[in-house]
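Chemist: Turn this into a model:
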Amino acid sequence: MRPETSGRRVVLPLALLAVVLAAIAVAAVLLWPGDEKPVLGPAPVIPRTGHQVCADNIMINTDTDAEMSRIANAVRADPRARKVYTETRDEAFARFKDLFKDQPDLLAHARAEALPFSVTVTAAGDVDLHAWAAELTATFPEATSVRPMIRSEVLAGLPPSYGTEAPAPCPAGGEWE
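Modeler: This next block holds a predicted model:
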């Protein structure tokens, strides 16, 4: 056996291994969702207070705190879920009052009881939110509504009088600071 043939037998598999590992590393960098670490295991359940979610999501409304908690805990186990946010009526009312603080007439007629308990779910990766929302509607018939909230669709549905300035892009983490 000639020495140069033996060296090629070792170098070729090592070179092939290096190319495969480099391709995996490049794919991981390109496909990684921003600065977020991957969710390992169930998605975290986070109170929505203090979080301005801008990522495409599914919003699930319920009539009771118990339904909200049960749905949040069930959805968090789904591998499609990245983060699960919960919001009670009182938390929703506090956010409503903050959003409309400059409209006292509107606030004078607002009541916390008119708002739902809600679960907001952001997806881990590329997920068809319309199909997932339909699945969640069938799974949780007690939910008062299950709606995909896809930013591009919401913006396209706004009347022209709403404004012509393009909204700021949503950060990779799915929340505005």
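Chemist: And the strands in this structure, which stretches?
Modeler: 45-47, 52-53, 57-62, 81-87, 117-123, 145-149, 175-176 (DSSP state E).
Chemist: Please work out which of the ones you listed is packed deepest.
Modeler: Of all the strands of the chain, strand 117-123 has the most neighbours on average by mean count of other Cβ atoms under 10 Å, namely a mean of 25. No exception for glycine: its C-beta is placed from N, CA and C like everyone else's.
Chemist: Quick one: mean pLDDT for that strand?
Modeler: The average pLDDT within strand 117-123 is 97.
Chemist: Give the pairing partners of it; include direction for each.
Modeler: strand 57-62 (antiparallel), strand 81-87 (antiparallel) (DSSP bridges).
Chemist: rank the strands of the chain by pLDDT, which is bottom?
Modeler: Per-segment mean pLDDT for the strands of the chain reaches its minimum on strand 175-176, at a mean of 86.
Chemist: And the nearest residue to C54 once chain neighbours are set aside, what's its pLDDT?
Modeler: Distances taken as Cβ to Cβ, 6 or more residues apart in numbering put C170 closest to C54, at 3.8 Å, once the chain neighbours are dropped. C170 is assigned a pLDDT of 90 by the prediction.
Chemist: can you check D98 too?
Modeler: 93.
Chemist: Check the separation of the first and last residues in stretch 59-78.
Modeler: For stretch 59-78, the first and last residues are 15 Å from each other (Cα to Cα, to the nearest Å).
Chemist: any residues touching that stretch, and which ones?
Modeler: 42-45, 81, 84, 86, 88, 116-121, 136, 139-140, 142-147, 149 (Cβ atoms under 8 Å, 6 or more residues apart in numbering).
Chemist: Go again with 6 Å.
Modeler: For stretch 59-78, the external contacting residues (Cβ atoms under 6 Å, 6 or more residues apart in numbering) are 42-43, 45, 81, 84, 86, 116-121, 140, 142-147, 149.
Chemist: Low-confidence stretches in the protein?
Modeler: Within the chain, the ranges that satisfy pLDDT under 70 run 1-40, 162-164.
Chemist: how is it carved up into domains?
Modeler: Using automatic domain parsing, the domain parsing of the chain gives 1-31, 45-176.
Chemist: Pick the most buried one from the ones you listed.
Modeler: The highest average neighbour count among the domains of the chain, using mean count of other Cβ under 10 Å, belongs to domain 45-176 at a mean of 15.
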